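A.B. asks: need a structure here:
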Amino acid sequence: MEKREIVGIFRRMALFGRIAAGRGAVRASVGALLAHAALRPSPCMAFAVPGEPLSDPSRSGGADDAASSEAAGRDARPLVLVAEDNAGNYRLIEVILRSAYRLQHALNGQEAVEMFDRERPDIVLMDINMPVMDGYEALRLIRERDTKVPVIALTAYAFDSDLQKMLECGFDSCMTKPINVGGIKALIESQLHK
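C.D. replies: Residues are numbered from 1 along each chain as shown. Coordinates of the predicted model:
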């Protein structure tokens, strides 16, 4: 990977004038961001994450989920269903929220609806662009089951018209990616205490 390719990774944040803030948010939330593109064959890009190892987000609905559901009966923290097909995005959300909330991870909209039926979460964080079933269809099916549970759209779509469409479709709120560490926590709390 060349230096210009590493810079390209941050292009989205740079477009919004947030490259410095993005690095600061990473430092504040997960430790440090390291990007090195020296003249050598294997440049490095890594996040330094303090704390315990993360669970494997690709494992959904397995024996560990059954054990965690059983343990959740003793855990009074609110349950957050996160519908996110990108493992890196889910890991970031997990790092931000795992100390305050119980988390369930769906890899697509169809899994989100199935998990919603089974787990009855307190709040849902829903990506819009997912395989199998997108966030809009998943929201429609969830709203057929429950009109009161807060559902927050997490999306890379950042135009005002996109955000307005999400609200008109029934999302309680929207947050654009990259995720704002303090903002996501505050948004979840405000939706849970409506």
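
A.B. asks: and the end-to-end length of stretch 157-172?
C.D. replies: 16 Å (C-alpha to C-alpha, to the nearest Å).

A.B. asks: I should have written stretch 163-180 there, sorry.
C.D. replies: Stretch 163-180 has an end-to-end distance of 16 Å (C-alpha to C-alpha).

A.B. asks: what ranges do the helices span in the chain?
C.D. replies: Taking DSSP state H to define them, one finds helices in the chain at 3-9, 11-15, 19-30, 63-72, 87-97, 109-119, 135-145, 160-168, 181-192.

A.B. asks: mean pLDDT lowest for which of the ones you listed?
C.D. replies: Per-stretch mean pLDDT for these is lowest at helix 19-30 (a mean of 43).

A.B. asks: now residue 104: closest residue in space, sequence neighbours ignored.
C.D. replies: Among residues not flanking residue 104 along the chain, residue 81 sits closest, at 4.9 Å (C-beta to C-beta, 6 or more residues apart in numbering). For the C-beta atoms, the positions are set from N, CA and C on the backbone; glycine is no exception.

A.B. asks: any idea what that neighbour is bridged to?
C.D. replies: residue 104, residue 124 (DSSP bridges).

A.B. asks: and it, how many neighbours does it have?
C.D. replies: Residue 81: 26 surrounding residues under other C-beta atoms under 10 Å.

A.B. asks: kindly report the same for the one 4 residues further on.
C.D. replies: Neighbourhood size, residue 85 [other C-beta under 10 Å]: 16.

A.B. asks: same check, this time on the one 3 residues further on
C.D. replies: Summarising burial for residue 88: neighbours were counted as other C-beta under 10 Å, giving 10.

A.B. asks: measure it to residue 75 for me?
C.D. replies: 26 Å (C-beta to C-beta, to the nearest Å).

A.B. asks: re the thing from before, the residue nearest to residue 104 against residue 115, yeah?
C.D. replies: Yes. Using C-beta atoms under 8 Å, residue 81 is in contact with residue 115, at 5.7 Å.

A.B. asks: give me the common contacts of the two.
C.D. replies: Residues touching both residue 81 and residue 115 (C-beta atoms under 8 Å, 6 or more residues apart in numbering): 104, 106, 121.

A.B. asks: and the second one, what pLDDT?
C.D. replies: When you say that, I think you mean residue 106. 98.

A.B. asks: tell me who's in contact with it.
C.D. replies: 60, 81-84, 112, 114-115.

A.B. asks: can you name the two of these that are farthest apart?
C.D. replies: Farthest apart among the contacts of residue 106 by C-beta to C-beta are 84 and 114. That separation is 15.3 Å.

A.B. asks: compare the two (neighbour count), which wins?
C.D. replies: Shown here are residue 84 and residue 114; by other C-beta under 10 Å, residue 84 has more neighbours (25 against 16).
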